[in-house]
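*Asks:* Show me how the following folds:
(2 chains)
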Amino acid sequence: MKKVKKNRGIEELKSSYGRMFVLPWFIGVILFFLVPFIETVIFSFSSIKINVGEISTTFVGLENYDYILNQDPNYTKYLSGAMTTFLYSLPIIIFLSLFLALLLNQKFAGRLLFRAIYFAPVIIATGEVIKLLFGLDASSGATMGVSESLTSNMIDANDITSLLGLSGEIGEFFTRTIGRIFDLVWNCGIQIVLFIAGLQSVPRHLYEVSKVEGATKWEEFWFITFPMLGRVTLLVSMFTMIELIVAERGNKIVSNALTSMNSGIYDRTSAELFFYFMVSCLFIGVFIFLYNRFLLKRWE
Amino acid sequence: MVIVDKINALKLKIFKPNPNKQSLAPGRLPCRRYTRTKFGDFVMFVMLAAAGLFTMLPLIYAVATSFKPLDELLIFPPRFLVRRPTLNNYLVLPDLMAALKVPLSRYIFNGVSNAIVTTSVYIVVSSMAAYVLCKGNFKHKGAIFMIVQFSLMFNSITLGIPRYLIYSYLGMIDTYWVYILPHMAATLGVFLMKQYIEGYVPDAFIEAAKIDGAGTFRIFWTIVMPIVKPAWLTLTLFTFRDVWSEIPSGTIFTEQLKTLPQIMGQITAGGAARAGSAMATTVIMMIPPIIVYLISQSNVIEAMSSAGIKE
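*Replies:* Numbers count the residues shown, from 1 in each chain, chains lettered A, B, ... in the order given. Down below sits the predicted model:
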């Protein structure tokens, strides 16, 4: 802005005002996001020694990554665990919320009440409340999380799986899903709202045409509703993926990193978290690529 | 008719037509009900109620538990509803805090005032940035928006250590600033506001205001902000909720500066005998976000919806 240019027209003025408007936010981003982010990356490539009042770092290359991937017995286990949770939660959350949105989009008495009920967790459930309700801090006291005590009382997942004769991995998948049922349902709030909005933006005449052509409801859903929701589904999936990745609950990597951070192991923890972040970015990238390539292209 | 062709093309792409399928006899029209039956209505209601029950159960249980007397708390397996409700769990809360020498109301006051100040700063900062990123015209706009999208994926815990170093460098440790300033890096806010401004504020409005002689800030404050009211009300709800339940770990040591969630750990550490009080605190924790929701309610759903339609 200090350079005096020849044409200081209205565009230029707008531009300098623009910078002033972005400035407070940008300072915030630099201080509390960019600098810490770069430092985390640097930490992950170095070994850290903490002396009184200062932290000294020495560059050690990929040593930390070598340690977490090849020597640490837990990290790879946690990572694959987190990724499996991620992979099976995503479709469940998306289809459950789409299903509920389809139901809630119909006209019936008490519709607003139901919408409010499904939105309630979004408002209430954060931080400490969730920890207590879902028993993340089970170690801190004899209080059992509400979710656990409820599910263990009402449904014993193992009974169901043995009753149905489900074997091996399917049974395990089933057990895990039931164990996390509250978690999953509570994750649907925003997704349902987004889907309802998407459903309402589907043009009515498409349904009329399909009715005239004699399509069944089933065909109507797969050929009209689902393709028309393409972009909304993508947005919802991204939202869900981000939520799942940054979740502290039921995510061994993040909770483990917190403990080791508190005990002062900064270098390896940085490497662990950065690697986790890169892997999740890869997953999201692959998902978006496949979605665009195979579904959106076909629909648009 | 274009639409019909498109649908047919889609059908052909996804499912190849089955040549063996029997076509309808000529002269007979397919007869099908398009309205739902009574039974269909019933099934739908049951499904919704079941899923709704799963949503509400933890909440009901929390509220019920907070009213349970000690002997009912210790029953195993735990009973769902309370038989002899008592207010005792709430009434002992001030006594539990007596050891800390700071009254309960101070924690609540800290929490509420922090949440209000932080939320206001967050909304103003992020909508100003979003307005310019959307309608402004300057270098590196694209790059800045990339940063926004990139940082959305980042858990703030990941940045815990370097952030702590910055706090201590800026002398923010053990002050109220720790609650407020980190929220200036408001990427979710910028993202949501930008989507909304893009979709709902026409350039013509801004140009007309400019011709009439309004300055950039005036345009922002009297034209853009009222139009996008639903968006920033939604953000207010989310931010308030997050700030209210936030624990800035390891950065606040003075008891007078702590908020309600920070002392919840101390209460739950009391074990099973304090389970009732812990639930009572949980219920107290739920109240402020609900109040904010009730205030902003009608607009919130609308804004969430619109953010979904825009790409």
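*Asks:* The helix or strand encompassing A:I55 - contacts with which helices or strands?
*Replies:* Secondary structure assigned from DSSP states H and E places A:I55 in strand A:54-59. Applying 3 or more CB pairs under 8 Å, 6 or more residues apart in numbering or on different chains; DSSP states H and E, one finds that strand A:54-59 makes contact with strand A:46-51. Just so you know, the C-beta spots here come from the backbone N, C-alpha and C atoms, and that holds for glycine as well.
*Asks:* Keeping just the C-alphas, turn the strand it packs on into CSV.
*Replies:* Extracted in CSV, the C-alpha atoms of strand A:46-51 (Å, rounded to 0.1, in the frame of the first residue of the first chain):
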residue,chain,number,x,y,z
SER,A,46,13.5,-33.2,14.8
SER,A,47,14.3,-34.4,18.3
ILE,A,48,13.3,-32.0,21.1
LYS,A,49,15.0,-31.5,24.3
ILE,A,50,13.3,-29.4,27.0
ASN,A,51,15.6,-27.5,29.3
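*Asks:* and that strand, which strands flank it?
*Replies:* The strands beside strand A:46-51 in its sheet (DSSP bridges) come out as strand A:54-59 (antiparallel).
*Asks:* And the strand it pairs with, what's buried?
*Replies:* Residues of strand A:54-59 include none that count as buried (16 or more other CB atoms under 10 Å in any protein chain shown).
*Asks:* What are the buried residues along the very next helix or strand once past that strand?
*Replies:* Once the chain leaves strand A:54-59, the next helix or strand it forms, by DSSP H and E, is helix A:63-66. Neighbour counts over helix A:63-66 (16+ other CB under 10 Å) mark A:64-65 as buried.
*Asks:* what residues does helix A:63-66 touch?
*Replies:* Outside helix A:63-66, the residues that touch it by CB atoms under 8 Å, 6 or more residues apart in numbering or on different chains are A:44-47, A:267-268, A:270-271, A:275.
*Asks:* How far does it sit from its chain's centre?
*Replies:* 27 Å (CA atoms, centre = their mean, to the nearest Å).
*Asks:* next helix or strand past it?
*Replies:* helix A:75-104.
*Asks:* related to what we said a few turns ago, show the buried residues in the contacts of helix A:63-66.
*Replies:* A:44-46, A:267-268, A:270-271, A:275.
*Asks:* Return the closest of those with respect to chain B.
*Replies:* A:S270 (7.2 Å; CB to the nearest CB).
*Asks:* can you pull the contacts of that closest one?
*Replies:* Counting by CB under 8 Å, 6+ apart, A:S270 touches A:40-41, A:43-44, A:64, B:161.
*Asks:* what helix or strand is it on?
*Replies:* Per DSSP H and E: A:S270 is located in helix A:266-290.
*Asks:* And the contacts of helix A:63-66, which is closest to A:C188?
*Replies:* Closest approach to A:C188 among the contacts of helix A:63-66 (CB to CB): A:F275, at 29.6 Å.
*Asks:* so who does the closest one touch?
*Replies:* A:44, A:65, A:68-69, A:79.
*Asks:* Please repeat the previous calculation with a cut-off of 7 Å.
*Replies:* For A:F275, the contact set (CB atoms under 7 Å, 6 or more residues apart in numbering or on different chains) comprises A:65, A:68.
*Asks:* Same check on A:W25?
*Replies:* B:125-126, B:128-129, B:184, B:186, B:190.
*Asks:* Repeat that for B:S296.
*Replies:* B:233, B:236-237 are the contacts of B:S296 under CB under 7 Å, 6+ apart.
*Asks:* Looking at those, spot the one nearest B:R274.
*Replies:* Using CB to CB, the contacts of B:S296 come closest to B:R274 at B:L237, 30.6 Å.
*Asks:* In the stretch 151-300 of chain B, where is pLDDT below threshold?
*Replies:* B:155-158, B:249-250, B:265, B:268-273, B:298-300 (pLDDT under 70).
*Asks:* thinking again about what came up before, mind putting the contacts of B:S296 in CSV, secondary structure and distance to B:P202 included?
*Replies:* Shown next, in CSV, are the contacts of B:S296 (DSSP: H, G, I helix; E, B strand; the rest coil; distance: CB to CB, whole Å):
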residue, secondary structure, distance to B:P202
B:L233, helix, 21
B:T236, helix, 24
B:L237, helix, 26
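*Asks:* care to break the chain down by domain?
*Replies:* I'll assume chain A. A:10-63, A:65-299 (automatic domain parsing).
*Asks:* Oops, wrong one, chain B.
*Replies:* Taken from automatic domain parsing, chain B resolves into B:38-86, B:93-309.
*Asks:* And for A:F86, the neighbour number?
*Replies:* Other residues near A:F86 come to 19 when the count uses other CB atoms under 10 Å in any protein chain shown.
*Asks:* nope, A:S263 is what I meant
*Replies:* So A:S263, with other CB under 10 Å, has 8 neighbours.
*Asks:* Ok, A:F26 next?
*Replies:* A:F26: 18 neighbours (other CB under 10 Å).
*Asks:* Could you dump the contacts of helix A:63-66 into JSON lines and include distance to B:T86 and pLDDT?
*Replies:* Formatted as JSON lines, the contacts of helix A:63-66 follow (distance: CB to CB, whole Å; pLDDT from 0 to 100):
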{"residue": "A:S44", "distance to B:T86": "52", "pLDDT": "83"}
{"residue": "A:F45", "distance to B:T86": "57", "pLDDT": "86"}
{"residue": "A:S46", "distance to B:T86": "57", "pLDDT": "83"}
{"residue": "A:S47", "distance to B:T86": "56", "pLDDT": "81"}
{"residue": "A:D267", "distance to B:T86": "52", "pLDDT": "79"}
{"residue": "A:R268", "distance to B:T86": "49", "pLDDT": "81"}
{"residue": "A:S270", "distance to B:T86": "49", "pLDDT": "83"}
{"residue": "A:A271", "distance to B:T86": "51", "pLDDT": "84"}
{"residue": "A:F275", "distance to B:T86": "51", "pLDDT": "86"}
